[in-house]
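> Okay, structure incoming, though there's no sequence with it:
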């Protein structure tokens, strides 16, 4: 075999030392083999390490371009010959670079294959056509395997081997378009493994992975040949049913349910019973776009879970539900616009001493001013804002407004309602502490109100929230107390300062013996715990008299005065 002389000539000075640089040693060390291809004679000259790099024992197998081509894998997309001889580039004196990858079978007649990276540059002869190519080859089997692995994972789920979510939705989109174009029907199912979190807790993640893999195989076994399954999320699969009518979707759903639940899954921890819940939608009958299909299949799944786990539910249009959804969208947009346009306002409702009837503090309540001048009360907005995930934004704005009012009025004492979402929101907490540390005189005049239902969601979290709020100097009140039936033992653990008795029990005091007994008991127990009490929704003097007799500290409601956007203390100052 002809070899390239890769040694450095003696007349070439060493770059950094007196030791001569030997290129053949460098090529051998990095696993590369240089070559020169004389195109006119088709002769290939190689560096001395070519046989070792290419795992070839016979030099004649790579002595010419034609001989080398016989070793190439027939499935190659690119070859050196194509890169050099079939290029449209022209050599303008510096040569034309090329870089390709191809498969090489060093032992003809066997399946052993090397992946080669071939990097070089060809030079033209007098006629402008390629006459000579110089290059280097290296074996890249490990890199190729990694690239193929990454390419696989870009399309398939590594655990189950089924399509991943990205590729699944890509196939679903094409299926929907085909169904619309051909005026046929398809369906999409979201299949959720029930109680997978409990399997994780009881047996560990390895067993949960075994369950996921087993469910994937069972789903695949119960599907028709043209249908598609993919991993949709952690415990969910997506199933695309091609040519599927509304009647067929129910049959398919029940078949998949039975296929998973009929036998336990054998795992390393023992047998595990598994069920699935499925929601599905037909397209284009009930959804015509990818987003509609995904949303309505998820909605159907939520409905199935709400009715009974281990069941199937197909999406069906509902006029009332769709109207409510459109209203939610409009309301969400209105809330966001009100925030952006600074149309959130604070209405203050007085809370007075039961005995003196003098204002003790004011409760700050959210209002939205509409562009037409109408005012929307908190009761019309907050429940919807909580469902839409917007209540935290409202809480942030209300905190800003209330603190600003406290700074403007040094004698004002007020309370601020905080939603359950904001009690665990680090951004809201950061805003509160920043405001109060910058204006320490405000903290003692601010009462933070949380509802009883929010307080009992997680007593440990609530206790931590209460402690932090009190540490910076504020007081804490439990609003709507009695509605959630919190035990007084839990109330003592929370360490709150004030309880506001739910107005539903106060408004009928003069007519309901049960309400009188309940409210009187609450007041008595609160006094024993050293807590102040506020009676909400006080509507008449008779109720106020009873509350005074029982020792209630404060009154709030129609009898005292409802919330107003006007500042009552400003009016009092003017009168004085």
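Yep, it's here. This one's a predicted model, so the numbers in the text were calculated from it and none came from an experiment.
> rest of the way, CA atoms for contacts and neighbours
Fine.
> Give me the secondary structure label for residue 76.
coil (DSSP: H, G, I helix; E, B strand; the rest coil).
> Would you confirm that it contacts residue 103?
Yes - if you go by C-alpha atoms under 8 Å, residue 76 and residue 103 touch, sitting 6.3 Å apart.
> For those two, indicate the residue with more neighbours.
For residue 76 versus residue 103, neighbours defined as other C-alpha atoms under 10 Å are more numerous around residue 103 (23 against 11).
> how far away is the more buried one from residue 54?
Look at residue 103 and residue 54: by C-alpha to C-alpha, to the nearest Å, they are 11 Å apart.
> between these two, what contacts are shared?
Residues touching both residue 103 and residue 54 (C-alpha atoms under 8 Å, 6 or more residues apart in numbering): residue 114.
> quick one: contacts for the closest residue to residue 156 other than its chain neighbours?
The shortest distance from residue 156 to any non-neighbouring residue, by C-alpha to C-alpha, 6 or more residues apart in numbering, is to residue 163 (4.2 Å). Residues in contact with residue 163 (C-alpha under 8 Å, 6+ apart) are 155-157, 229-231.
> taking those residues one by one, which sit in helices?
In helices, judged by DSSP state H, none of the contacts of residue 163 are found.
> Which of those fall in strands?
Of the contacts of residue 163, the ones assigned to strands by DSSP state E are 229-231.
> if we can go back for a sec, distance of the residue nearest to residue 156 from residue 494?
Applying C-alpha to C-alpha to residue 163 and residue 494 gives a distance of 49 Å.
> do residue 384 as well
28 Å.
> How about residue 453?
On the measure of C-alpha to C-alpha, residue 453 and residue 494 end up 13 Å apart.
> Break down the stretch 101-250 of the chain into its strands, ranges please.
Using DSSP state E, counting those that start in this stretch, the strands of the stretch 101-250 of the chain run over residues 114-124, 130-139, 186-193, 228-233, 236-241.
> By mean pLDDT, point me to the weakest helix or strand of the chain.
In the chain, no helix or strand scores lower on mean pLDDT, DSSP states H and E than helix 568-575, which sits at a mean of 58.
> re the thing from before, out of the strands of the stretch 101-250 of the chain, nearest to residue 392?
strand 228-233 (27.5 Å; C-alpha to C-alpha).
> Next, the angle from that closest one to strand 186-193.
50 degrees (axes from the mean of the first three to the mean of the last three C-alpha atoms, to 10 degrees).
> from the strands of the stretch 101-250 of the chain, which stretch is densest packed?
Most buried of these, by mean neighbour count (mean count of other C-alpha atoms under 10 Å): strand 186-193, with a mean of 27.
> Quick check: can you name the pairing partners of that one and their directions?
Applying DSSP bridges to the sheet, strand 186-193 is found paired with strand 236-241 (antiparallel), strand 276-283 (antiparallel).
> Put together TSV for those, with mean pLDDT and distance to residue 305 on each row.
Formatted as TSV, those follow (pLDDT from 0 to 100; distance: least, C-alpha to C-alpha, whole Å):
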stretch	mean pLDDT	distance to residue 305
strand 236-241	96	13
strand 276-283	96	7
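> on that earlier part again, out of residue 453 and residue 494, which sits in the more crowded spot?
Using other C-alpha under 10 Å as the criterion, residue 453 and residue 494 rank with residue 494 on top: 22 against 18.
> For residue 530, see how far away the more buried one is.
Separation of residue 494 from residue 530 (C-alpha to C-alpha): 13 Å.
> swap in residue 399?
Distance from residue 399 to residue 530, by C-alpha to C-alpha: 28 Å.
> The two - which one has more neighbours?
Taking neighbours as other C-alpha under 10 Å, residue 399 and residue 530 compare with residue 399 leading, 19 against 13.
> now the helix or strand where the more buried one lies, how far from the chain's geometric center?
In this structure, residue 399 sits in helix 391-408 according to DSSP states H and E. A distance of 29 Å separates the centroid of the chain from that of helix 391-408, by C-alpha atoms, centre = their mean, to the nearest Å.
> who does that helix touch, helix- and strand-wise?
Identification of packing neighbours for helix 391-408 by 3 or more C-alpha pairs under 8 Å, 6 or more residues apart in numbering; DSSP states H and E yields helix 319-340, strand 344-353, strand 414-418, helix 420-423, helix 426-438, helix 440-443.
> was I right about residue 537 contacting residue 507?
Yes - with contacts counted by C-alpha under 8 Å, residue 537 reaches residue 507, the gap being 5.7 Å.
> that older thread, and the helices and strands packed on helix 391-408: which comes nearest residue 375?
Evaluated with C-alpha to C-alpha, the helices and strands packed on helix 391-408 place strand 344-353 nearest to residue 375, the distance being 9.4 Å.
> what angle sits between that closest one and helix 391-408?
Interaxial angle of strand 344-353 relative to helix 391-408 (the same axes, to 10 degrees): 60 degrees.
> So which residues make contact with strand 344-353?
Residues contacting strand 344-353 (C-alpha under 8 Å, 6+ apart): 338, 358-369, 397-398, 401-402, 534, 553-556, 560-567.
> What about those residues, which are in strands?
Among the contacts of strand 344-353, DSSP E puts 359-369, 534, 554-555 in strands.
> between the residues you listed, which is nearest residue 437?
The closest of the ones in strands among the contacts of strand 344-353, once distances to residue 437 are taken by C-alpha to C-alpha, is residue 364, at 20.9 Å.
> would you list every one of the helices in the stretch 401-550 of the chain?
Secondary structure of the stretch 401-550 of the chain, counting by DSSP state H, counting those that start in this stretch: helices at 420-423, 426-438, 440-443, 452-455, 459-471, 488-494, 503-506, 513-528, 541-550.
> Give me the contacts around the host helix or strand of residue 52.
Per DSSP H and E, residue 52 falls inside helix 50-54. Helix 50-54 is contacted by residues 31-34, 57-59, 106, 114, 138-139 when judged by C-alpha under 8 Å, 6+ apart.
> hmm, back to that, which one of the ones in strands among the contacts of residue 163 sits closest to residue 284?
residue 229 (19.2 Å).
> Residue 544 versus the closest one, what's the distance?
67 Å.
> now residue 461
Per C-alpha to C-alpha, residue 461 is found 35 Å from residue 544.
> When these two are compared, which one has more neighbours?
The residue with more neighbours, out of residue 461 and residue 544, is residue 544; 24 against 15, by other C-alpha under 10 Å.
> Let me see the contact set for the closest residue to that one other than its chain neighbours.
Closest residue to residue 544 apart from its sequence neighbours, by C-alpha to C-alpha, 6+ apart: residue 538 at 6.7 Å. For residue 538, the contact set (C-alpha under 8 Å, 6+ apart) comprises 503, 506-507, 544, 555-560.
> Got a quick ChimeraX command for the buried subset of these?
To isolate in ChimeraX the members of the contacts of residue 538 that are buried, counting by 16 or more other C-alpha atoms under 10 Å, one can use:
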select :503,506,507,544,555,556,557,560
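> Would you format the contacts of residue 538 as TSV with pLDDT included?
TSV is the format used below for these (pLDDT from 0 to 100):
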residue	pLDDT
503	91
506	94
507	92
544	95
555	97
556	96
557	94
558	94
559	94
560	94
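> Tell me which residue is most central in this structure.
Most central in the chain under C-alpha atoms, centre = their mean is residue 233, positioned 10.6 Å from the mean C-alpha point.
> Distance of the closest residue to that one other than its chain neighbours relative to residue 190?
Computed as C-alpha to C-alpha, 6+ apart, the closest residue to residue 233 that is not its neighbour in sequence is residue 165, at 7.1 Å. Distance, residue 165 to residue 190, by C-alpha to C-alpha: 12 Å.
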